[in-house]
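Participant: model this:
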Amino acid sequence: MSATTSFKAACIQMRSTQDQAQNRDDAIRMIREAAAAGALFVQTPEMTNLVERSTTRLRAVVDVEDRHIVLAGLREAARDAKIWLHIGSLSVKVGEKVANRGYMIDPEGQIAARYDKVHLFDVDLPNGEKWRESATYTGGESAGVVETPWGLVGMSICYDIRFPYLYRAEAEAGAFMLTAPACFTRQTGEAHWQVLQRARAIENGAFMISAAQAGTHEDGRETYGHSIIVDPWGRVLAEAEAEPGVIMAEIELALVADARQRIPTMQHARPVAVTAYRAEKPRLDAAE
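Facilitator: Below you'll find the predicted structure:
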């Protein structure tokens, strides 16, 4: 493991279309931009290869891992730039369903880790939007951390961020940086995005880095953007707005130990039983 004390990390904010080749090329262009600016760790958003509402079309156009044109192109980009590349997620064919799968790619272009989204977005939003990811995607079964030159990095995807126990498990496994690349809806993003990112960073004393999709997509969905990098004290180091682009921040490793020493929540955590208290019903006196 490197003795370096800091490194530059970047988020690639995209507006993925229904054209996988175009999305691949857009991602590669911004990856090169980030690497040229000194980033050693670069992350793309959820659904980097394709934002497609139609389950039928999605299943028809995505491919298995070994024939995946976007995965192949991004692995080559990581190798050429000599960076660690976290592909936030790709739609990858797995049997009759599709995995929403994140990849960690090392500077040799090799796959260092895979992570399948555990919590699938099956919700009815107040504005009438209905989402049923489980109708299309097969969910993952476990959290994941991957070794990098700077330490362990925890992987997750989008809706996972609403389940704090996943990030606590990764932090307890030794992760110094947590991730939640996303395709957040505009409505939920405006209400919850930054709060959730800062909360996961603060409660675990870890960096949080989350690249996002942004804008109105060809399939009609509106995504929030605001890719973000947060330090272990909850300070926002960098945040995008609503257009595609690159954000960067310096990741100072000493801040993790500092935050965890100041407020050692992982040391203080203890199992808690829940006691339910119920009011006694008033006793009726028969004489009354």
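Participant: which stretch of helix or strand covers residue 259?
Facilitator: In this assignment (DSSP states H and E), residue 259 forms part of helix 254-262.
Participant: hey, which helix is longest across the chain?
Facilitator: Taking DSSP state H as the criterion, the chain has its longest helix at helix 186-204.
Participant: Pull the contacting residues for the most centrally placed residue in the chain.
Facilitator: Nearest residue to the geometric centre of the chain (Cα atoms, centre = their mean): residue 180, 1.8 Å. Taking Cβ atoms under 8 Å, 6 or more residues apart in numbering as the criterion, residue 180 is in contact with 156-158, 160-161, 196-197, 200, 208, 210. From N, CA and C alone the C-beta is placed, and that goes for glycine too.
Participant: and the longest helix of the chain, what does it pack onto?
Facilitator: helix 164-172, strand 175-179, strand 207-210, strand 222-224, strand 228-230, strand 236-239, helix 265-268 (3 or more Cβ pairs under 8 Å, 6 or more residues apart in numbering; DSSP states H and E).
Participant: and the second one, which strands flank it?
Facilitator: Taking DSSP bridges as the criterion, strand 175-179 sits next to strand 151-155 (parallel), strand 207-210 (parallel) in its sheet.
Participant: Also the fifth one?
Facilitator: Strand partners for strand 228-230, identified by DSSP bridges, are recorded as strand 207-210 (antiparallel), strand 236-239 (antiparallel).
Participant: Average pLDDT for the first one, rounded please.
Facilitator: Per-residue pLDDT values over strand 207-210 give a mean of 99.
Participant: Give the buried residues for the helix holding residue 259.
Facilitator: By 16 or more other Cβ atoms under 10 Å, the buried positions in helix 254-262 come out as 255-256, 259-260.
Participant: helices and strands of this protein: which one has the lowest mean pLDDT?
Facilitator: Between all helices and strands in the chain, the lowest mean by mean pLDDT, DSSP states H and E belongs to strand 130-132, at a mean of 71.
Participant: List of residues touching the helix or strand that that strand is followed by?
Facilitator: Sequence-wise, the next helix or strand beyond strand 130-132 is strand 137-138, with elements assigned using DSSP H and E. The contact list for strand 137-138 (Cβ under 8 Å, 6+ apart) reads 91, 94-95, 97-100, 116-117, 120.
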